[in-house]
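A.B. asks: Got a sequence here, can you build the structure:
(one chain, ligands or ions: 1)
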Amino acid sequence: MTTSRSGSTAGRRDDLIPGDVPSALAELGVEVVGDDGDNFRIRCPAHLERTGRMDRRPSCYVHVHSGQFICFSCDWAGSFARFVAYMQGTDSARANAWIAAKGTIGRALRLLKGDERHAEVEPGEPVTEAQMVLFTTPPEAARRRRGLTLEACEQFGVRWDLERRCWILPIRNAEGTLLGWQEKSKRHFRNFPDGVEKGSALFGAHVEFDGPLVMLESPLDPVRLYSVGLQGGKATFGAHVKHEQMRLAMELSDTIVLGQDNDAAGRQSRNKLYYRYRYRGAALKFWNYLDTGAKDPGEMTGMEIWDCFEASYSPLRRKLK
Ligand SMILES: [Zn+2]
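C.D. replies: Here you go, the predicted model:
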């Protein structure tokens, strides 16, 4: 990846936020080709220089409020000041002066958008719904990579952190109260706040469905299932399942398909759940990985997901065969 004048710092702490992002873009001669409510979609202006190709399928997203941008194809990203500096062939001081002359968003909003959201929370201090609103709708490019539909993301309340380019997966208790969230990307994983209690949280518990409940580990997996039309997926945020999560699952359906990951920890958890809960009222089945070789259902094609789901089996019956 080349870095020339676009390779300076991704954005300084004191970079300014334009008061009116769309008109600033217009003044820079940038055409907006799409708008999902949270982001303007544009052709990446640095693409040719960075990759040797034009950005034919517009891959760059500019956040409507913060002005932060990211190209999902060439990874060019940063503050709006950085964007301005690139477009005008100038430095960040001049770019900030240009933004200031257009009118900027005050420091209070900047604090809310940047610092407050990531500020350390005292143990026991609740996170607020307002913090979720500051994240954006997951952009199309990110959803495409994981095979997730917009509707599925909205159903499960999945959000996106534009700055860190990671998924935001809300952690809610049985009553729906927000306890925190999981931040997830290939490079980054974190539960926020640190030590958030996930034992009472069944991800997607509020999403309506008919038929069996599919119990999964990672919260993106039920979103993937929903995206291919299988609506009963719920996640426990890991292989270890707490009684509260199992109790909640049994309230939601009389058939539970244990779809823990296809690895030693997943199989151990699945077997333990089976022996502990098989006479507690719900029919328990095992997700059948068949010969897919997938680690979890999130890695499967839509057809594999349905094949594996339909091949779910009762472990007892299988032993008798
Ligand atoms: Zn690009």
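A.B. asks: drop to CA atoms for contacts and neighbour counts, all remaining ones
C.D. replies: Noted.
A.B. asks: helices and strands of the protein: which one has the lowest mean pLDDT?
C.D. replies: helix 107-110 (a mean of 41; mean pLDDT, DSSP states H and E).
A.B. asks: Look at the residue nearest the centre of the chain and tell me its secondary structure.
C.D. replies: Ranked by distance to the mean C-alpha position of the chain (CA atoms, centre = their mean), the top residue is W167 at 2.3 Å. Three-state assignment for W167 (DSSP: H, G, I helix; E, B strand; the rest coil): strand.
A.B. asks: count of residues packed around the residue lying closest to P58 once chain neighbours are set aside?
C.D. replies: For P58, ignoring the flanking residues on the chain, the nearest one in space by CA to CA, 6 or more residues apart in numbering is R43 at 4.3 Å. Around R43 there are 19 other residues, counting by other CA atoms under 10 Å.
A.B. asks: same thing with I171?
C.D. replies: Other residues within reach of I171 by the criterion other CA under 10 Å amount to 27.
A.B. asks: Pull the lengthiest helix in the chain out as CSV, backbone CA atoms only.
C.D. replies: Using DSSP state H, we find that the single longest helix of the chain is helix 264-277. Output of helix 264-277 as CSV, limited to C-alpha atoms (Å, rounded to 0.1, in the frame of the first residue of the first chain):
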residue,chain,number,x,y,z
ALA,A,264,-13.1,-28.9,21.5
ALA,A,265,-14.5,-26.2,23.7
GLY,A,266,-17.7,-26.0,21.7
ARG,A,267,-18.3,-29.7,21.8
GLN,A,268,-17.6,-29.9,25.5
SER,A,269,-20.0,-27.1,26.2
ARG,A,270,-22.7,-28.7,24.0
ASN,A,271,-22.4,-32.1,25.6
LYS,A,272,-22.5,-30.6,29.1
LEU,A,273,-25.6,-28.7,28.3
TYR,A,274,-27.2,-31.8,26.9
TYR,A,275,-26.6,-33.9,29.9
ARG,A,276,-27.7,-31.1,32.3
TYR,A,277,-30.8,-29.9,30.5
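A.B. asks: following that helix, which helix or strand comes up?
C.D. replies: strand 283-286 (DSSP states H and E).
A.B. asks: What number of residues are in the vicinity of the residue in the stretch 101-250 of the chain positioned nearest to the ion?
C.D. replies: Distances from the stretch 101-250 of the chain to the ion, computed as CA to the ion, single out A141 as the nearest residue at 12.4 Å. A141 is flanked by 16 other residues according to other CA under 10 Å.
A.B. asks: Skipping its backbone neighbours, what lies nearest it in space?
C.D. replies: Closest residue to A141 in three dimensions, ignoring its sequence neighbours and counting by CA to CA, 6+ apart: F72, at 6.5 Å.
A.B. asks: how many neighbours does that neighbour have?
C.D. replies: Here the count is done by other CA under 10 Å, and F72 has 18 residues near it.
A.B. asks: Got the confidence number for it?
C.D. replies: In the predicted model, F72 carries a pLDDT score of 85.
A.B. asks: what bridges to the closest residue in space to Y274 that isn't next to it in sequence?
C.D. replies: Counting by CA to CA, 6+ apart, L284 is the residue found nearest to Y274 once chain neighbours are left out, at 6.6 Å. With beta bridges defined as DSSP bridges, L284 has these partners: I256.
A.B. asks: what ranges do the helices span in the stretch 51-200 of the chain?
C.D. replies: Along the stretch 51-200 of the chain, the segments classed as helices by DSSP state H, counting those that start in this stretch run 80-88, 92-102, 107-110, 116-118, 129-133, 140-146, 150-155.
A.B. asks: Name the stretch among these that sits most buried.
C.D. replies: Burial among the helices of the stretch 51-200 of the chain, expressed as mean neighbours by mean count of other CA atoms under 10 Å, is greatest for helix 80-88, which shows a mean of 22.
A.B. asks: Which neighbouring elements make contact with that helix?
C.D. replies: When contacts are defined as 3 or more CA pairs under 8 Å, 6 or more residues apart in numbering; DSSP states H and E, helix 80-88 sits against helix 92-102.
A.B. asks: between the helix it packs on and helix 80-88, what angle do the directions make?
C.D. replies: Helix 92-102 and helix 80-88 are oriented at 100 degrees to each other (axes from the mean of the first three to the mean of the last three CA atoms, to 10 degrees).
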